[in-house]
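>>> next come a sequence and a model predicted from it.
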Number of protein chains: 2
Amino acid sequence: MKTDDLYNIIRDVPDFPKPGILFKDITPLLKSPQHFSYCLDVLQQILSDYKFDYIAGIESRGFVFAAPLADRLNTGFVPIRKPGKLPWKSYQESYDLEYGSNTLEIHRDALEKGSRVVVMDDLLATGGTALAANKLVEKCDGTVVLDLFVIGLSFLNGTKVLEDYPTKTILNF
Amino acid sequence: MKTDDLYNIIRDVPDFPKPGILFKDITPLLKSPQHFSYCLDVLQQILSDYKFDYIAGIESRGFVFAAPLADRLNTGFVPIRKPGKLPWKSYQESYDLEYGSNTLEIHRDALEKGSRVVVMDDLLATGGTALAANKLVEKCDGTVVLDLFVIGLSFLNGTKVLEDYPTKTILNF
């Protein structure tokens, strides 16, 4: 198994979620134990260069990678969720989309002051979602040591939005 | 670590998501690597009695357990998602709630005919969500070998709704 095999198993779905967007479908990767396991191996290898206390996953595809990595590395898992999903006291952070805006939330006791956190999502597009997640970590007095993604859409310049943070992607389009 | 430690780390949040509901908050369990890892050990032990090809996780808290179990057991992971999230051709299944209804979706190519599937969610309440997930597996010509949950709210009689399927829960309230 090599990185090319991961590229080859991503399915392009045209015009999703709206006309003109070519969506990168990771479900074939998740369905194949060999590919999913290898993808996690590559992510784990990247993480071996960082010291951290928690992996925060962004709902919901971020959960699919963050939770097994937390399990493999014996690290706590912290969910960053869509509004109204977390039951306890939360911090909110809103960010702009092309039309309208979205909000993410984190529990106020999700981290201890000074915690070092990896923020994980499946895909880096414009970077707005990850930037909001980073700000939530900081509202909890944590430090983002890395924004980690499986896929990067480099033509959307998400790394520019995240320029104050270390960022890694493994598959780049 | 023992099962009592898992009970003790679940946080009760009163009146969420609406007045009169006592919500079982699993975020303290996920945050503690010892507890999360032990919880996955217990689930993995249960799964050692079953033969299956895929673990299907119900969005989104089901993903947090299904994905690491798929990784541990070298099994494919299949997401069962809320409407409009899956990019490719999907089957839908709707189910009634106290007020209104919800819908879940699965990709039409999520499983091969005859696949044996474990359906995983964090919590068994009325059983409506899991039953819809089971029907989606069956629409893909798969067989549900087990509905697996971390928490069961036995006073809601979800196992009655799921009586045609094997069901396991590890923490029962």
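Structure's in. What do you need?
>>> now chain A against chain B: closest residue?
residue A:60 (3.6 Å; CB to the nearest CB). All C-beta spots, glycine's among them, are computed from the backbone N, C-alpha and C.
>>> for that residue, give me its contacts.
When contacts are counted by CB atoms under 8 Å, 6 or more residues apart in numbering or on different chains, residue A:60 is found next to B:59-60, B:63, B:81, B:85.
>>> nearest residue to it other than its sequence neighbours?
residue B:60 (3.6 Å; CB to CB, 6 or more residues apart in numbering or on different chains).
>>> bridging residues for residue A:103?
Under DSSP bridges, the beta-bridge partners of residue A:103 are residue A:94.
>>> my guess is it contacts residue A:91. True?
No - if you go by CB atoms under 8 Å, residue A:103 and residue A:91 don't touch, sitting 10.5 Å apart.
>>> the more surrounded of those two?
Set side by side, residue A:103 and residue A:91 show more neighbours around residue A:91, with 17 against 13, by other CB atoms under 10 Å in any protein chain shown.
>>> please report how far the residue nearest to residue A:60 lies from residue B:104.
From residue B:60 across to residue B:104, the span is 12 Å (CB to CB, to the nearest Å).
>>> can you pull the contacts of the most centrally placed residue in chain A?
Note on chain A: the residue nearest the mean C-alpha position is residue A:121, at 1.4 Å, using CA atoms, centre = their mean. Going by CB under 8 Å, 6+ apart, residue A:121 touches A:57-58, A:61-62, A:129-130, A:133, A:147-149.
>>> could you redo the last one with a cut-off of 7 Å?
Contacts for residue A:121 (CB atoms under 7 Å, 6 or more residues apart in numbering or on different chains) come out as A:58, A:61-62, A:129-130, A:149.
>>> how about residue A:38?
Taking CB under 7 Å, 6+ apart, we find residue A:38 in contact with A:1, A:6.
>>> leaving out chain neighbours, which residue sits closest to residue A:40?
residue A:68 (5.5 Å).
>>> quick check: which element contains that neighbour?
Residue A:68 belongs to helix A:61-73 when assigned by DSSP states H and E.
>>> hmm, who's touching the next helix or strand after that helix?
Once the chain leaves helix A:61-73, the next helix or strand it forms, by DSSP H and E, is strand A:76-80. For strand A:76-80, the surrounding residues in contact (CB under 7 Å, 6+ apart) are A:53-59, A:63, A:66-67, A:70, A:104, A:106, A:110-111, A:133, A:136, B:27, B:30-33, B:36, B:64.
>>> quick check: buried residues in the top helix by length along chain A?
Longest helix of chain A, by residue count under DSSP state H: helix A:33-47. Using 16 or more other CB atoms under 10 Å in any protein chain shown as the test for burial, helix A:33-47 gives A:33, A:35-40, A:42-43, A:47.
>>> could you do stretch A:71-79 as well?
For stretch A:71-79, by 16+ other CB under 10 Å, it's A:71-72, A:75-79.
>>> what do you get for stretch A:109-116?
For stretch A:109-116, by 16+ other CB under 10 Å, it's A:110-111, A:115-116.
>>> repeat that for stretch A:12-25.
For stretch A:12-25, by 16+ other CB under 10 Å, it's A:13, A:16, A:23-25.
>>> ok, stretch A:155-164 next?
A:156, A:158-159, A:161-162.
>>> which of these fall in strands?
The strands in this structure, assigned by DSSP state E, contain none of the buried residues of stretch A:155-164.
>>> and stretch A:161-169, how far apart are its ends?
Using CA to CA, to the nearest Å, the end-to-end distance of stretch A:161-169 comes out at 15 Å.
>>> mind listing what the nearest residue to residue A:173 once chain neighbours are set aside touches?
Take residue A:173 and drop its neighbours on the chain: the residue closest to it by CB to CB, 6+ apart is residue A:153, 5.5 Å away. Residues near residue A:153 by CB under 7 Å, 6+ apart: A:124-125, A:173.
>>> residues near the nearest residue to residue A:89 once chain neighbours are set aside, how many?
Nearest residue to residue A:89, sequence neighbours excluded (CB to CB, 6+ apart): residue A:108, at 4.6 Å. By other CB under 10 Å, the residues close to residue A:108 number 13.
>>> so residue A:108 touches residue A:90, yeah?
Yes - at 6.3 Å, residue A:108 counts as touching residue A:90 under the criterion of CB atoms under 7 Å.
>>> would you format the buried residues of stretch A:71-79 as TSV with pLDDT included?
Converted to TSV, the buried residues of stretch A:71-79 look like this (pLDDT from 0 to 100):
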residue	pLDDT
A:71	98
A:72	98
A:75	98
A:76	98
A:77	98
A:78	99
A:79	99
